[in-house]
Every structure is written in C-alpha cells, then in structure tokens.
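A.B. asks: Quick check, what structure comes out for this input:
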Amino acid sequence: MFYFQVFQSLNILNSQVLSERTNIELWVCANIIRLFNDDNTIPFIIRYRKELINNLDADSLREVRQTLEELRAVAKKTHSTIQKIKKEGKMSECLLKALLNCKTFEELEHVSAPYKTGSKGTKAQRAKQLGLEGAARTLLENPGELNLLSYIRPNVKGLSALQDIETGVQHILADMIAKDRDTLDFIRKLCQNRYICIQSSLAKVSSKKVNEKDVDKFQLYQNFSCNIRNIQHHQILAINRGENLKILTVKVNISDGVKNEFCRWCIQNRWRPRGFARPELMKILYSSLDDSFKRLIYPLLCREFRAKLTSDAEKESVMMFGRNLRQLLLTSPVPGRTLMGVDPGYKHGCKLAIISPTSQILHTDVVYLHCGQGFREAEKIKRLLLNFNCSTVVIGNGTACRETEAYFADLIMKNYFAPLDVVYCIVSEAGASIYSVSPEANKEMPGLDPNLRSAVSIARRVQDPLAELVKIEPKHIGVGMYQHDVSQTLLKATLDSVVEECVSFVGVDINICSEVLLSSQQTESAGEIQGVAVTSSAGVEVTNEKPGKKKSKTAVNVVLKPNPLDQTCIHPESYDIAMRFLSFIGGTLNEIGKPEMQQKINSFLEKEGIEKIAERLQTTVHTLQVIIDGLSQPETFDFRTDFDKPDFKRSIVCLEDLQVGTVLTGKVENATLFGIFVDIGVGRSGLIPIRNVTEAKLSKTKKRRSLGLGPGERVEVQVLNIDIPRSRITLDLIRVL
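C.D. replies: Numbers count the residues shown, from 1 in each chain. Below you'll find the predicted structure:
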C-alpha cells in the first residue's frame, strides 16, 4: 500500500514538473492533465476548451501531452523498480529517497543499476558488505572518533590493509555523493552556465565494413565540435545516424573548470565534515570527490546531455513532420472537376485514370509516351480528354515525371487538345504505390490493377487531398526529416493526432467518404464505422454523438430526426445555449448559415458586446464565439479555403534556363529544420536556407497556423546560387503568395 501511495505522489508532482519542463503556467498544466485524464481529444480541447488551456494551439498541446506521458512513464518505471528492489530485500531509506527523486530514465538507471538481479554490485556495495559504511558516515559526521586501523582484518580480502580500507571508504563516499539530490542539482545548474560541447570524429573502422559513399555523407561531422546550447536539431540527428552506422565516434566534453568548482563547492558546503578531520581523512574525502565526478557523475551527465539533445531533436523533427502533414492534408480541394491522374513510367508505360467530380473511376488505361510511341499515344490521350470533358491533368512526381511533364506541356503549348483549355499540375505520389497494394485499396477498388490504382490515388489527391491522403500511413507521405531515425512510437502518435485534428475540423461527408476516413475519428468500433457507411449509402441521415466531452463534433452516429445544429461546429453540450442565443437575436434554425442570420448576429453584438452576452448566457466568450461561428458559417463552408490549391501550369522551365537573380514562383514541397524545399518547375527542388525564412517575409493576411512554411504553400523566390553539376539550387524567400 505504501508503494502504491508513492506512485500516486509521483503523479501529483506532474503538474509542477510539467510546468517546469514546458514553460507553461501551472494552472494550465493542471487543466491539461485533468482534460487528458477525462479522455478528451486534442481537437475537442482546442475547439471547445480554449479558456482552460489559455489558447494553446494543437502543436503545443501535443508537445505537452508527450512530456506528460514521459513523466508518467518515469513515475511508472520508478514504481516498478521500487517494488522489485523491495521484493529482493535490498531497499533502504537512503535508496528509496534517491529513487523518488529521479526525474529521468537515465537518472533512474544510474541509481537502480547496482540493485538489479544478476548485477555484480558496485564498488560501493562491495565495500558496504565488508562493513565499511559506518566508517564512511563517521568520517562525515564525527571524524574525530574515526579510527580506520580498527577495521583491519588480516585474513579478509578488502580489509587486510589500511590502504584497502581507505579505498573502500572512498568508494562508499563517492557513491553517496553521486546519488545525492542536492549535489546533482548543483552540478546540473553549474553546467548550464559553462561551455559544454559535443564532438564527433571519424570512427576507426575498416573500409570493408562501411560504404565509402556513406562516409562522404557525414563529411561535415568528421571533425565537428559545437556548444550543446547552439547545436541545431538536424545536426544532432545526423550525428546520431552516423554513430549508429559506426561511421562517427561521438563524445561530450565537460571542461575541467566544472570539476574544480564542483569539488570546491562540495568541500565548502554539502560534504564538509562536521568536525575537525585529520589530513589523512581529508585526503580520503578529496579522493572520493574526484572519483565520484570522474567515474560516476561525469558519465551520468554525458548520458543525460545526449538523451536530452536527442529527445529535443526527435520532438522537433516529429513536430515539423506533423506541421508539414497538416499543411498537406489541409491543401484546398479542387471540387467539381473531372481529372486525369497520370502515374509516370518508362518501360511499363504511364498509367492513366480519369475520375468524376465525385471521385468515381470513369476510365483507366496505359500509354507509352517514352518508347518512341509518344505521337501515336497523343491521339488516345486527346480522345479520352474530349470524351470525358476533362481539362485538368494531375502528374505524379515519381520516375519519368519530368519527361511526362515536358510531353504534356509541349502538347498544351501547341494547342493540341483544343477546344479544351488543358492545364496540369505535379503532385507528390509518395505512398501511392504502398496504398495501391494494401487491403484497403483492394476493398475500395476490387479487380483493378495496383498500378492503375496509383493513378486513381494521384488524381484524388488533388480533388480532395484530405480524403485521399488519410488512407496512407502518415510516415509514408514523405514530408518529414529523419523520420526513420526518431522514435516510431512518438512519430505515430503525433501523426495520427494530426490526422484526427484535420478530419475533425474539416468534417466528413458520410455519403461519399471512405471507411478509412471515418476510422480516423474516435468512434466506438470499426463495426460501427462500417455499419454507418453501408447504411448512409441508402440515404440515412447522420449526426454527431450524444452530448459528451471526449469526441470532436465530427464523430458520427445514425439518428432518425436530424437537428439543424448538427450541421454546424457547435458541440451538443452547447445546444441549449445556442437556442437561447437564437431567442436573444430573434433568429431561427432555418436561418443558420444565411445572410439574414449574420445580420441579426452583427446587430445584436453591436448593441451588447460579446462579453456581456456570454455573461447573460452563463457561458464563456470562447464557447459563445464557437456558437456564433457555427450559426454564421454557410452550409458549404470549408475550413480549407484559407489554404493553397495546387499550382496549375501550361509550360515547363529547364534547370539550364535559370540565372542567378531570377525571380520565380513555386510551391513548397517539404519543410525541414534546416530549410524549405520548393518546387520551382525545373525538375529539381530548390532550397531556401532556414535563415532566409523570417517572420517579416511570411504572409500577414492569411490565417497562419505556425510561423513556418508548409507543403502546398505558394511562394515567390529569388535564385541565389545554381550548382548544375550537383543539381543544387539555393533560393531566397521574397514573400508568401
């Protein structure tokens, strides 16, 4: 029972520690813990509980949740460690205190390692088994009474000589110092203001074991040194990868000044004997401090620094991946068009798929554009475009993409498809081939060749990016950095959360959406999703869950009588408030989303003000604002209208045509921690170094969800440098379009 209470007390500390770790107010952290404990989802919290989280955005909330989970994992591990050590009869009051003070896995491992089953024990433990712990404590508490000669036992190994006894006492004192909370807090604080650097160098390995090309990739880090406070996240991930491949050797260097000041503080403060100590005893104490720092504390600090740097880099990489994914999922759809999707290829041809404005497959085919048959195949393509009245071509960016783009651009420039005014765009086909052979694709497109399924997916990515990309495992979409090197658990949790957030805010049309899209919501079970999907195709009307706190508004359920409020972003728990607000302004449910509703709301707000109205309704301003938005937004409102559409083109530019100083428009393909990759239509993406992306250059008119750029955004750039042999283009950001 006692140890269960210990575990509970660790959880109670989470609010305080969480606040310290995240630099977020204590009251906000307490609310966040309570909201997550009640199983509220992030989309629900950021839409309906803004006042409780002080307007944090989804990315910040995800970061807090991850930190909270880490703290709880440490608490859980501490709890199990205490139980194991207690069961083995090795627990002591001093050890229990040290375990309860652990805040990281590294520190917990440092304290508990000697007590694990099968451990040979530390030098300190062996000295304690010889009965020298009393001597060590006497040296600190009453050194005048300590007589080390009385501990000599000629026939006992480790006690046969005075030097052996002094060494044993030294090991015990070193262990006590290294596990003392005040001492560890001091050394960590001391390191915060000192020069600590991480260094990497080329490992001494056989050339047979490591590919020379792989070694060249890490040329920047073969003689690298940087202050840990200044090193970039992508540099940490690169160094870690090189170390894992056994190409680099990495170490953390702590200056001797840290050790000297540490020893001085210990002697003058924490570990100063309480009485006069003879010179030979002080020598033992000095040796203990030196031994404790070199053998125990220094390695612990190095592990902690590496773990912290890696953890921060992984989190930032995953957050960047999440931001990129959100930007991609929220790309503005292109509804109402018949599209031709093209999956480019050489030997096996280019796969074509024509889809209707409602994403139905109208026709599939294969054309061989790059095998000397291009002219003959042009007639087939023209016939298909005319037959289906299709004037938009979507080309995947994989193998043979640029040759296929040049082929279509040439035909368009010759007005070959007249009377159609044909345009084309390039989209990422990352993950399309993986999805095309998945069970979900086989169920959705039975009997269709997987290669043709890819062409269908490419076209649908433009028509409704969210509905199509949600079918693909997020890490295969290809908008991240070092995604295979970071924690896969953290990556999956973050990306799944981003997908859930996007689907929740956009909503789903249950009459046409896929089961995969529905399953991204927190519905009760897959069976419920399938049942609703089948039933809705017969015209059954759907609405949200019963009033509850756990799910976002777009969770679905079948009902007999629809409520007009179900078509809004208003949560069922606020329906009563919404009805009272309607009575205040003299509005009706039939006016939702119409101009007259907006006029009535504006008129009423001008008279009384939103704060006073919220007070009359006994609700918060945030909740009232959601109600106002829900009543005002037209039925066709789409959250994605503020985001960019694909960039449609009619012609192509070559890399050789570029000149330094040329100003171009392009589309962001990927954002990383070191720069932004932009497709400027020359067959090779250009890079905007991260230092050139400043807040002043970002759009002030658009609703930006973060200060960075993300996939799909259109930008105006200037060419700074062209390296044709290496196919590298350096760009400067002029503005966001």
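A.B. asks: Who are the contact partners of Thr619?
C.D. replies: Neighbouring residues of Thr619 by Cβ atoms under 8 Å, 6 or more residues apart in numbering: Ser574, Ile577. Where you see a C-beta, it was placed from the backbone N, CA and C, and this is true even at glycine.
A.B. asks: just Asn244 next, same as before
C.D. replies: Shown in contact with Asn244 (Cβ under 8 Å, 6+ apart): Asp485.
A.B. asks: Any idea how many residues pack against the nearest residue to Met282 once chain neighbours are set aside?
C.D. replies: Setting aside the residues directly before and after it, Met282 is nearest to Pro273 in space (Cβ to Cβ, 6 or more residues apart in numbering), at 7.8 Å. By the measure other Cβ atoms under 10 Å, the count of residues near Pro273 is 18.
A.B. asks: what's the answer for the one 3 residues further on, then?
C.D. replies: Other residues within reach of Phe276, judged by other Cβ under 10 Å, total 9.
A.B. asks: Look up how far Pro143 lies from it.
C.D. replies: Between Phe276 and Pro143 the computed distance is 7 Å (Cβ to Cβ, to the nearest Å).
A.B. asks: same question, Ala277
C.D. replies: To Pro143, Ala277 is 4 Å away according to Cβ to Cβ.
A.B. asks: which strands and helices sit next to the one helix or strand Asp576 maps to?
C.D. replies: For Asp576, the enclosing helix or strand under DSSP states H and E is helix 575-585. Using 3 or more Cβ pairs under 8 Å, 6 or more residues apart in numbering; DSSP states H and E as the contact test, the elements touching helix 575-585 are helix 595-608, helix 610-616, helix 621-632.
A.B. asks: just these: most buried one?
C.D. replies: Across the helices and strands packed on helix 575-585, the average number of neighbours (mean count of other Cβ atoms under 10 Å) peaks for helix 621-632, which reaches a mean of 20.
A.B. asks: and it with helix 575-585, angle?
C.D. replies: 70 degrees (axes from the mean of the first three to the mean of the last three Cα atoms, to 10 degrees).
A.B. asks: closest to Ala30 out of the helices and strands packed on helix 575-585?
C.D. replies: helix 621-632 (18.3 Å; Cβ to Cβ).
A.B. asks: Sheet-wise, list the partners of the helix or strand just after the closest one with their directions.
C.D. replies: Stepping forward along the backbone from helix 621-632, the first helix or strand reached (DSSP H and E) is strand 663-671. If you go by DSSP bridges, strand 663-671 pairs up with strand 675-679 (antiparallel), strand 714-723 (antiparallel).
A.B. asks: And the helices in the stretch 51-200 of the chain?
C.D. replies: Listed from the start of the chain, the stretch 51-200 of the chain has helices (DSSP state H, counting those that start in this stretch) covering 58-87, 93-100, 105-112, 123-129, 133-141, 162-178, 181-192.
A.B. asks: quick check, distance from the fifth one to the centre of its chain.
C.D. replies: Relative to the chain's own centre, helix 133-141 is displaced by 50 Å; criterion: Cα atoms, centre = their mean, to the nearest Å.
A.B. asks: if we look at that helix, which residues are touching it?
C.D. replies: Against helix 133-141 from outside (Cβ under 8 Å, 6+ apart): 127, 145-146, 148, 151, 165, 169, 172-173, 176, 271, 273-274, 277, 281, 284-285.
A.B. asks: go again using 10 Å as the cut-off
C.D. replies: 94, 124-125, 127-128, 144-148, 150-151, 165-166, 168-176, 271-275, 277, 281-282, 284-285, 288 (Cβ atoms under 10 Å, 6 or more residues apart in numbering).
A.B. asks: Selecting buried members of those in PyMOL, what would you type?
C.D. replies: Buried members of the contacts of helix 133-141 can be picked out in PyMOL with the line below, counting by 16 or more other Cβ atoms under 10 Å:
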select buried, resi 124+125+127+128+146+148+151+165+166+168+169+170+171+172+173+174+175+176+271+273+277+281+284+285+288
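A.B. asks: where does the stretch 51-200 of the chain dip in pLDDT?
C.D. replies: The stretch 51-200 of the chain contains residues with pLDDT under 70 at 116-120.
A.B. asks: mind checking pLDDT for Phe315?
C.D. replies: Quick fix: residue 315 is Lys, not Phe. Reported pLDDT at Lys315 in the predicted model: 87.
A.B. asks: check contacts around Ile458.
C.D. replies: 339-344, 351, 353, 355, 394-398, 426-429, 432, 468.
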